[in-house]
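Enquirer: Predicted model and sequence follow; I will ask about them next.
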Amino acid sequence: MFFKRISILFYFASLVGYTQEIKFELYLSDSCQDTIGKIPFYNLRKDGIDYYPKDNDGIIFLKDKGQYQLSTVYSEDVKIYDIKSYQNIVDTLKVPVINLCLEPATSYPNFVGYCCCDEKCEGEQVEYYSNGNKRIEGYFEQGKPIGKLKIYYSDGSLKQIDKYSKKGTLLKRKEYSMGECKK
């Protein structure tokens, strides 16, 4: 009788072990619109395999622990999740305030400058990643960058430095690899 109970206990314990999973949810915070909403479509990649939410519900169920890289159109930031236990994970991405402005309603829109919350950027602007590192900094007139415009990777290293004329015309661009130029 004792061995039968032990066998049953091990059987149920093994079932619980096989049903462990990680529930991953992702939200988007838009400070311009003052909204937070669930992201229905994104992917996590581990060992060359992509995992997506089923039914566009914004939830990915993962079977294995490990490092996953997030990919989404809502963020240019490279984000790695090091998942070490079976748990529910909820994260929130921040919509950038400073974005490229393009000509509206054309097949091949031209760059017209930078917008801050859908308005042309004016004056000195600095935006930060959610980890506190700078994302972009520069001076703008009518949305056009004037002088130096610095764009950073999420680790704080420089991604590129653009030099613009007093009329907002790009004169020179210097690009860097991630981690190459810490500033």
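Expert: Received, thanks.

Enquirer: Can you dump the C-alpha atoms of the helix or strand harbouring D82 in PDB for me?
Expert: D82 is part of strand 79-83 when elements are defined by DSSP states H and E. Output in PDB follows, covering the C-alpha atoms of strand 79-83 (Å, rounded to 0.1, in the frame of the first residue of the first chain):
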ATOM      1  CA  LYS A  79      15.800  43.400 -25.400                       C
ATOM      2  CA  ILE A  80      17.000  40.100 -23.900                       C
ATOM      3  CA  TYR A  81      15.000  38.200 -21.300                       C
ATOM      4  CA  ASP A  82      17.000  35.800 -19.200                       C
ATOM      5  CA  ILE A  83      14.200  33.500 -17.900                       C
END
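
Enquirer: in its sheet, what does the helix or strand just after it sit against?
Expert: Sequence-wise, the next helix or strand downstream of strand 79-83 (DSSP H and E) is strand 88-94. Using DSSP bridges, the strands paired with strand 88-94 are strand 22-30 (parallel).

Enquirer: Okay, buried residues for the partner strand please.
Expert: Buried residues in strand 22-30, counted by 16 or more other Cβ atoms under 10 Å: I22, F24, E25, L26, L28, D30. C-betas here are computed from N, CA, C, even on glycine.

Enquirer: Also stretch 130-150?
Expert: Quick answer for stretch 130-150 (16+ other Cβ under 10 Å): 134-141, 143-146, 149-150.

Enquirer: And for stretch 149-156?
Expert: L149, K150, I151, Y152, Y153, S154.

Enquirer: How about stretch 79-97?
Expert: In terms of neighbour count (16+ other Cβ under 10 Å), stretch 79-97 has its buried residues at K79, Y81, I83, I89, L93, K94, P96, V97.

Enquirer: Out of those, which comes closest to L170?
Expert: The nearest member of the buried residues of stretch 79-97 to L170, counting by Cβ to Cβ, is P96 at 20.0 Å.

Enquirer: Might you report the residue contacts of that closest one?
Expert: With contacts defined as Cβ atoms under 8 Å, 6 or more residues apart in numbering, the neighbours of P96 are E76, E127, R135, I136.

Enquirer: and what of T35?
Expert: S29.

Enquirer: measure it to Y27 for me?
Expert: Going from T35 to Y27 by Cβ to Cβ, to the nearest Å gives 10 Å.

Enquirer: Touching both of these two, which residues are there?
Expert: With contacts taken as Cβ under 8 Å, 6+ apart, not a single residue reaches both T35 and Y27.

Enquirer: Distance of the residue positioned nearest the centre of the chain relative to N133?
Expert: In the chain, the centroid-proximal residue (Cα atoms, centre = their mean) is S75; its distance is 3.3 Å. Distance of S75 to N133, computed by Cβ to Cβ: 14 Å.
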